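[1] please work out how this folds:
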Amino acid sequence: MTARIHPLLGAFAILVFLFLLAPLVIIVGASLSDTTYLTFPPQGLTLRWFANIFEISAFRNTAITSFQVAILGTGLSLLIGIPAAYALNRYRVGLPKWLGTLFILPILVPEIVFGFSLLKTITIGLGLPVYPSLIIGHALLVLPYSVRVVGASLASFDFSVEEAAISLGCPPLKTFFTVVLPNIRAGVIAAFILAFITSINDVSISVFLTGPGISTLPIQILAHMEQFFDPTIASVSVLLMLVTVGVMAIVEMTLGLTFLTK
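    You can find the predicted model right below:
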């Protein structure tokens, strides 16, 4: 027998969906407006603001930088996060409990404070150039996602399978790459997606670590808004949303979203 949904519960669910979708609808509508200023509802429809994005060299350059920093920073966080998650799950009895908390500090500390501390230690203290500082900063920012998501996959992994492979003569390192890693690939992919999306949309860390000649797309959006208030900003926001949807669509077509829940 099918349970009936209470009308108030249905109405509340609709209000929640409207609350989540309304900002997206407003941004999309504003990006299509034929006016020279941001407005909603749109007054006329045009795609010229999307074309304007590619005519502004600052947007093109910072978009490339953002993708590079996001990919490299996410890759670096996975190189650190996968072994860390493995150690925390494989040797959880012998390791102190506070060690796991150490890896999630970047999301516990306010991002403004975290960004300023990175500026003081990496850029000023170590004297690193802006580009490597950005990569390191973004890697540290998304490291908790890598450790936590991969760790969740390892928590359901039966390590006796790894021990059996080692007992049959397979070297430990080869066992990790041929036995452990294939079984947690869903967690690795999910961690990469979550970390990549977080990195490419970050503002709080990037605003401290960018410098002359090197900036990210979200920081360039803020700089553009200081001088202009045209729908170009809304158009860039729509493209960023499409990138997120595109990443999820690729995962769905290649692996299926249910694959990430395994």
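[2] okay, CA-based contacts and neighbour counts for the rest of this
    Fine.
[3] residue 147 against residue 82, yeah?
    Yes: if you go by CA atoms under 8 Å, residue 147 and residue 82 touch, sitting 6.4 Å apart.
[4] low-confidence regions, the protein specifically.
    The chain contains residues with pLDDT under 70 at 1-3, 6, 92-96, 98, 100, 251-262.
[5] which helix or strand contains residue 5?
    Using DSSP states H and E, residue 5 maps to neither a helix nor a strand.
[6] typed the wrong thing, it's residue 230
    Here residue 230 is assigned to no helix or strand, by DSSP H and E.
[7] need phi/psi at it.
    phi -90, psi 170 (degrees, to the nearest 10).
[8] so who does it touch?
    Counting by CA atoms under 8 Å, 6 or more residues apart in numbering, residue 230 makes contact with 35-38.
[9] what subset of these is buried?
    35, 38 (16 or more other CA atoms under 10 Å).
[10] pick the one among the contacts of residue 230 closest to residue 4.
    Nearest to residue 4 out of those is residue 38 (CA to CA; 43.9 Å).
[11] that closest one and residue 227, how far apart?
    Distance of residue 38 to residue 227, given as CA to CA, to the nearest Å: 13 Å.
[12] tell me, how many residues neighbour residue 110?
    Burial of residue 110 is recorded as 11 neighbouring residues (other CA atoms under 10 Å).
[13] let's number from 234 now, not from 1
    In the new numbering, first residue 234, that becomes residue 343.
[14] what about it, distance to residue 368?
    Going from residue 343 to residue 368 by CA to CA gives 19 Å.
[15] out of the contacts of residue 463, which sit inside strands?
    If you go by DSSP state E, the contacts of residue 463 have nothing in strands.
[16] where's residue 419 relative to residue 425, distance?
    Distance of residue 419 to residue 425, computed by CA to CA: 10 Å.
[17] how far out from the middle of the chain is stretch 426-435?
    Relative to the chain's own centre, stretch 426-435 is displaced by 2 Å; criterion: CA atoms, centre = their mean, to the nearest Å.
[18] extract the C-alpha trace of it and format it as PDB.
    Extracted in PDB, the C-alpha atoms of stretch 426-435 (Å, rounded to 0.1, in the frame of the first residue of the first chain):
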ATOM      1  CA  ILE A 426      35.200  15.800  -8.800                       C
ATOM      2  CA  LEU A 427      34.500  17.400  -5.400                       C
ATOM      3  CA  ALA A 428      38.000  18.800  -5.000                       C
ATOM      4  CA  PHE A 429      38.100  20.100  -8.600                       C
ATOM      5  CA  ILE A 430      34.800  21.900  -8.300                       C
ATOM      6  CA  THR A 431      35.800  23.400  -4.900                       C
ATOM      7  CA  SER A 432      39.100  24.600  -6.300                       C
ATOM      8  CA  ILE A 433      37.900  26.100  -9.500                       C
ATOM      9  CA  ASN A 434      35.200  28.200  -7.600                       C
ATOM     10  CA  ASP A 435      37.400  29.200  -4.700                       C
END
